[in-house]
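>>> build the 3D model from these lines:
(one chain, ligands or ions: 1)
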Amino acid sequence: MSKKVTTLTVKEMKRKGEKIAMATAYDYASARVVDEAGMDMILVGDSLGMVVLGYENTLSVTLDDMIHHGKAVVRGAKRAMVVIDMPFMTYQVTREEAVRNAGRVVQETGAPAVKLEGGEEMAKTVKHIVRAGIPVCAHIGLTPQSVAQMGGFLVQGKNEKVARQLIKDAEALEDAGAYCIVLEAIPWQLGQIISERLSIPTIGIGAGVHCDGQVLVYHDLLGLQTEIRPKFVKQFGAFFNPMVESIRQYISEVREGTFPGPEHTFTMDDEIAQKIREK
Ligand code: KIV
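The predicted model follows:
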C-alpha cells in the first residue's frame, strides 16, 4: 500500500500538475470500494442526508450523524485522506462553537480534516479551526446548506458581480489557511481563473476540467440512484437497476422454494436427525 495521503500530498500534487481524485463515501463498505480504487481524498459529505438518509436537502444532518458515518469511513480508508463535512448550524453561530465541533469531529472519528461551506464571511472561522491544528477544506459556489437563500440548487457566478465575489471568497479562504477548496456549480472559466490564482488545490464539482481535482458523490458516479441527475454528474456505472434485478431474483427464488439449494445448506448425520424426529 502506498503512503497515506495528507494535506502536503495534495498541495504537492497541485504543484506538480497532478490531478486530485475525490469522491464521497458514507460507511465502511463504500469507503473500502473507493479506497481500493485508489482515490486520493474521501469526503464524508453531508450529502449523506440526501443519498443515504433520504432527506430532501442537507439541512437535517446532525453532527452526531456525521461522526457516526465518519468513524465507519475512517475504518475503511487505508490510503485516502478522509475529510468530514461540518453540518448546517455547527459552525455558523460562533467561532468557539465551530472550533469545538470541528475538534469533536476529528477527535471522535480519527479523520484528519473537516470541510465547511461559505466564502469571505467564513474566513475567520476557518482561521480559528486551522489555528487549533485542524486542516480545513473550504467550499464555495453552490453551497447546498444555503439552498433556501440561493432559491434552489442553481449555478453560481455567471454574472460579473458574483464571479468577482467568488474570486475574493476563494482568496480570503486561502489566506485564512484552508488547505484546499471545493468549487461547486460555477462556469468553467471561473473554475479556471480561481484555480490559477490560488496556490492551494481547487476540487471541482461542476466547475470544469481546469480545477486541480474533481469530486463526485458515490451514488451519482456509480449510478446507484436514479432520482436526481445534475448536469455535472457523469455516471461511471449504472448499478441501481442491476441491484434491483438481483434482489428480484432472490425474492422469486425464496417464493419458489429454489433458494437455498443444497450448496447453501448444512447437514447433520441422518441417524441423529432420525432420532430427534422420533423425539
Ligand atoms: O456533501 C457533499 O457531498 C459535498 C460535495 C457535493 C462536494 O459537499
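>>> so what's Ala98 up against?
By CB atoms under 8 Å, 6 or more residues apart in numbering, Ala98 lies in contact with Met86, Thr90, Tyr91, Gln92, Leu116, Thr125, His128, Ile129. Bear in mind the C-beta positions are built from the backbone N, C-alpha and C, glycine included.
>>> which of those has the most neighbours?
Note: the member of these with the most neighbours is Ile129, at 29 neighbours, neighbours being other CB atoms under 10 Å.
>>> wait, doesn't that one sit right on Met122?
No. With contact defined as CB atoms under 8 Å, Ile129 does not reach Met122; the gap is 9.9 Å.
>>> intersection of neighbour lists for the two?
When CB under 8 Å, 6+ apart defines a contact, the residues bordering Ile129 and Met122 alike are Tyr91, Leu116.
>>> count the neighbours of Thr6 for me.
Applying other CB under 10 Å, we find 14 residues neighbouring Thr6.
>>> do the same with Val73
Val73, neighbours per other CB under 10 Å, totals 29.
>>> can you pull the contacts of the nearest residue to it once chain neighbours are set aside?
Nearest residue to Val73, sequence neighbours excluded (CB to CB, 6 or more residues apart in numbering): Ala31, at 4.2 Å. Counting by CB under 8 Å, 6+ apart, Ala31 makes contact with Ala25, Ile42, Ala72, Val73, Val74, Arg75, Gly76, Ala77, Ala80, Val82.
>>> mind checking pLDDT for the residue of the stretch 1-150 of the chain found nearest the ligand?
Per CB to the nearest ligand atom, Gly45 is where the stretch 1-150 of the chain lies closest to the ligand, at 2.3 Å. Among the per-residue scores, Gly45 shows a pLDDT of 98.
>>> these two touch, right, it and Thr24?
Yes. The pair Gly45 and Thr24 qualifies as a contact (CB under 8 Å) at a distance of 4.4 Å.
>>> need the overlap of contacts for these two.
Both Gly45 and Thr24 are in contact with Val217, where contact means CB under 8 Å, 6+ apart.
>>> got the contact list for the lowest-mean-pLDDT helix or strand in the chain?
Here the helix or strand of the chain ranked lowest by mean pLDDT, DSSP states H and E is helix 147-150, holding a mean of 92. For helix 147-150, the surrounding residues in contact (CB under 8 Å, 6+ apart) are Asn57, Thr58, Leu59, Leu142, Thr143, Phe153, Gln156.
>>> how far away is Lys161 from the ligand?
Lys161 sits 24 Å away from the ligand, taking CB to the nearest ligand atom, to the nearest Å as the criterion.
>>> Three-state assignment for that residue, please.
Following DSSP: H, G, I helix; E, B strand; the rest coil, Lys161 is assigned to helix.
>>> what do you get for the one 4 residues further on?
Using three-state DSSP, the three-state assignment for Gln165 comes out as helix.
>>> where's it relative to Val126, distance?
Distance from Gln165 to Val126, counting by CB to CB, to the nearest Å: 17 Å.
>>> if you count surrounding residues, which of those two has more?
A direct count of neighbours by other CB under 10 Å for Gln165 and Val126 places Val126 higher, at 27 against 16.
>>> quick check: the more buried one touching Ala176?
Yes. Using CB under 8 Å as the test, Val126 is close enough to Ala176 to be in contact (4.1 Å).
>>> lowest pLDDT pick from the contacts of helix 147-150?
Lowest pLDDT within those is found at Phe153 (90).
>>> alright, I will stop here.
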